[in-house]
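# This is a predicted model, with the sequence first.
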Protein chains: 2
Amino acid sequence: MAILVVGSVAFDTLTTPSGQRKKILGGAATHFSLAASFFTDVRVVGVVGNDFTAEHEAVMTRKGVDTTGIEHAEGLSFHWTGSYEGTLGEAKTLGTDLNVFGSFDPKIPQSYKDSDYLFLANIDPVLQLRVREALPGVKMVAGDTMNYWIADHRENLLKVLREEDILIINDGEARLLTGEHNLVTAAKKVMELGPKSLVIKHGEYGATAFFSERSFNDKAASLTPFRAPALPIETVVDPTGAGDSFAGGFYGYIASQPALTPQVFRTAMFYGGVMGSFAVERFGTERLQEVTREEIDARFRLFQEISHLDLDRTV
Amino acid sequence: MAILVVGSVAFDTLTTPSGQRKKILGGAATHFSLAASFFTDVRVVGVVGNDFTAEHEAVMTRKGVDTTGIEHAEGLSFHWTGSYEGTLGEAKTLGTDLNVFGSFDPKIPQSYKDSDYLFLANIDPVLQLRVREALPGVKMVAGDTMNYWIADHRENLLKVLREEDILIINDGEARLLTGEHNLVTAAKKVMELGPKSLVIKHGEYGATAFFSERSFNDKAASLTPFRAPALPIETVVDPTGAGDSFAGGFYGYIASQPALTPQVFRTAMFYGGVMGSFAVERFGTERLQEVTREEIDARFRLFQEISHLDLDRTV
């Protein structure tokens, strides 16, 4: 079933140990859409400027992504400039030119109204909430956020969290949101804020899913946490968008399934890791543009191989 | 088959967020031995002082650990004083009283000479090498080390690494040893120094095994890295000895099997995680003293549950 994603469609100027790129296509909604497009229909709500050309839009439409909801405004698109040091752990932001994104007011096309799955990418929680309220009939809401909103827009963020079925954040965000260093304690506190389930991403160490009594309709379902590995990668060309690609693979798989069972959630964690592992192999969206479903399935099997004890019985 | 472990048998004075303990039984060889004792015969080589009583020794002998090789010297046993801050990530050393351990000269009892598996716990690489050379007939050598030896005793350490089949270290040690931040690159460089296989521990995120063409006798064996999860734990009472307990579970399982296959190595990674997860639940060796084989097997199944996609087919 279709996912509606609202978030940034942007340009990135990047420096990594592998090189530099100027104003290449990026943005959370872009990475998410491309990653999710391999699993289900995706519809984007965002805003771009005059520098966003038909060729940029075609990057999405070629993958079947519906770009009807990308508003074209006068001015320039959101432009982020960042660099990664040798460790590639965290980006150093050198410039954030919001441009047309600074006055973004999400408009949902009529043709998107029947979307069953909503993904609120990392934008102002006020906008996240507005989109969520404009789509009262969605079957599931998942979302992302970042330190800036957690620290400085907490009240607004808390309103959004109450609406979310699944929150996808990283270790640092979970700790900042709850004031708890221990991830199990932090996870419990996050779910008390609203999300029925929580995915905490650990970067190169994979991700952990935490569940609550509200996670699944099947009350007998196991609520044991689930740990998905990340692929050990020697050359990370560009980490930008890895988290959004994880979210796209994860949520795209969930939306492609008839119901959210523990097994579907677990499998989705693996597909999230798979899409994230492809995203970092090249700059920007380059790898997600060319990856094939066959490569995705082969890597899914590789993720099983690196984490499952008994290959013959699990692959 | 029997493991000979050489390392510290010591007392720890600890402060953690859960409380304080004064001069409780500790030491790398102690934690290793207790953890490994559930899987195979273990023989300890170490040195203790007059403060090491029959009751301390009985903690080991009750588990069938052979303590013939623990030398009783005049003076006090090695005594480490440390504290853990709220994050429990790294211990702050407040005192290191080497005492009789400062002039430790490992003596191997005749009855240990037929040991097939050797574990060189974290001690001076000069002593590690001496023990290794005194046991030319062992079938397999595994070892640990720490930042101090890597930074200040590198040449001696390099001699030991050339003798090791499996090196078990953590992220920081792998990076310090190789100067490489990327763990895949670091792993390759470590194995060029000698170890046929490498286990890198990631603390709360589990551990990764890296293999080389020399890891297995079966040349067709998969050399794909393997990632084992750690159990998400809400209350870590005392992290001291977690790494040694991991090594004990890991190597103990390997020594209990007829040959080192990829499947045995992978299963050993899980048993390592299992024993480490028990060790941190109480202070010092308390939990390893009382844990049962039934609990160990139940937790092994839990480790599968938190990491395997298809439970019905893997448990």
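Yep, it's here. Numbers count the residues shown, from 1 in each chain, chains lettered A, B, ... in the order given.

# For the rest of this, base every contact and every neighbour count on C-alpha atoms.
Noted.

# Remind me what the longest helix along chain A packs against, helices and strands.
Of all the segments of type helix in chain A, defined by DSSP state H, the longest one is helix A:262-279. Contact partners of helix A:262-279 among helices and strands, from 3 or more Cα pairs under 8 Å, 6 or more residues apart in numbering or on different chains; DSSP states H and E: strand A:226-228, helix A:242-255, helix A:286-290, helix A:293-305.

# number of nearby residues for residue A:91?
The local packing of residue A:91 (other Cα atoms under 10 Å in any protein chain shown) involves 17 other residues.

# ok now do the closest residue to it other than its chain neighbours, which residues does it touch?
Once flanking residues are discounted, residue A:91 sits nearest to residue A:84: 4.9 Å by Cα to Cα, 6 or more residues apart in numbering or on different chains. Residues in contact with residue A:84 (Cα atoms under 8 Å, 6 or more residues apart in numbering or on different chains) are A:15-17, A:90-92.

# hmm, which of those are the buried ones?
A:15-16, A:91 (16 or more other Cα atoms under 10 Å in any protein chain shown).

# Tell me the residues of the stretch 101-250 of chain A that contact chain B?
Neighbours of chain B within the stretch 101-250 of chain A, by Cα under 8 Å from any Cα of the partner chain: A:181-185, A:205, A:224-229, A:232-234.

# are any of these buried, and which?
A:181-185, A:205, A:225-229, A:232.

# ok, which stretches of chain A are helices?
Remark: helices assigned in chain A by DSSP H are A:28-36, A:54-61, A:125-134, A:147-152, A:154-161, A:171-178, A:183-192, A:242-255, A:262-279, A:286-290, A:293-305, A:311-314.

# Generate TSV for these, with mean pLDDT as supplementary columns.
Below are the helices of chain A laid out as TSV (pLDDT from 0 to 100):
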stretch	mean pLDDT
helix A:28-36	98
helix A:54-61	98
helix A:125-134	98
helix A:147-152	95
helix A:154-161	98
helix A:171-178	96
helix A:183-192	97
helix A:242-255	98
helix A:262-279	97
helix A:286-290	98
helix A:293-305	97
helix A:311-314	48
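
# out of those, which comes closest to residue B:258?
Among the helices of chain A, the nearest to residue B:258 by Cα to Cα is helix A:311-314 (19.9 Å).

# With adjacent residues omitted, what lies nearest to the residue in the stretch 151-300 of chain A positioned nearest to chain B?
Per Cα to the nearest Cα, residue A:226 is where the stretch 151-300 of chain A lies closest to chain B, at 4.4 Å. Computed as Cα to Cα, 6+ apart, the closest residue to residue A:226 that is not its neighbour in sequence is residue B:306, at 4.4 Å.

# Was I right to think that neighbour contacts residue A:227?
Yes - judged on Cα atoms under 8 Å, residue B:306 makes contact with residue A:227 at a distance of 5.7 Å.

# Overlap in contacts, these two.
residue B:229.

# re the thing from before, how many neighbours does the residue nearest to residue A:226 have?
Count around residue B:306 with other Cα under 10 Å applied: 22.

# residues in contact with it?
A:224-227, B:229, B:231.

# next one: phi and psi at it?
phi -80, psi 0 (degrees, to the nearest 10).

# how far away is it from residue B:206?
Relative to residue B:206, residue B:306 is positioned 12 Å away (Cα to Cα, to the nearest Å).

# Common neighbours of these two, please.
Joint contacts of residue B:306 and residue B:206 (Cα under 8 Å, 6+ apart) are B:229, B:231.

# coming back round to it: looking at the helices of chain A, which is closest to residue B:247?
Among these, the nearest to residue B:247 by Cα to Cα is helix A:293-305 (22.6 Å).

# follow-up on the earlier one: quick one: the longest helix of chain A to chain centroid distance?
11 Å (Cα atoms, centre = their mean, to the nearest Å).

# So which bits of it are buried?
Using 16+ other Cα under 10 Å as the test for burial, helix A:262-279 gives A:262, A:264-279.

# now do stretch A:54-68
A:57, A:59-61, A:63-68.

# Please apply the same query to stretch A:165-181.
Applying 16+ other Cα under 10 Å to stretch A:165-181 flags A:165-171, A:173-175, A:177-178, A:180-181 as buried.

# got the contact list for residue A:170?
Here residue A:170 is in contact with A:199-203 (Cα under 8 Å, 6+ apart).

# switch to 6 Å and redo it
By Cα atoms under 6 Å, 6 or more residues apart in numbering or on different chains, the residues touching residue A:170 are A:200-201.

# does it have beta-bridge partners, and which?
Residue A:170 forms beta bridges with residue A:201, as assigned by DSSP bridges.

# Next one: it relative to residue A:34, how far apart?
Residue A:170 is 21 Å from residue A:34, where distance means Cα to Cα.
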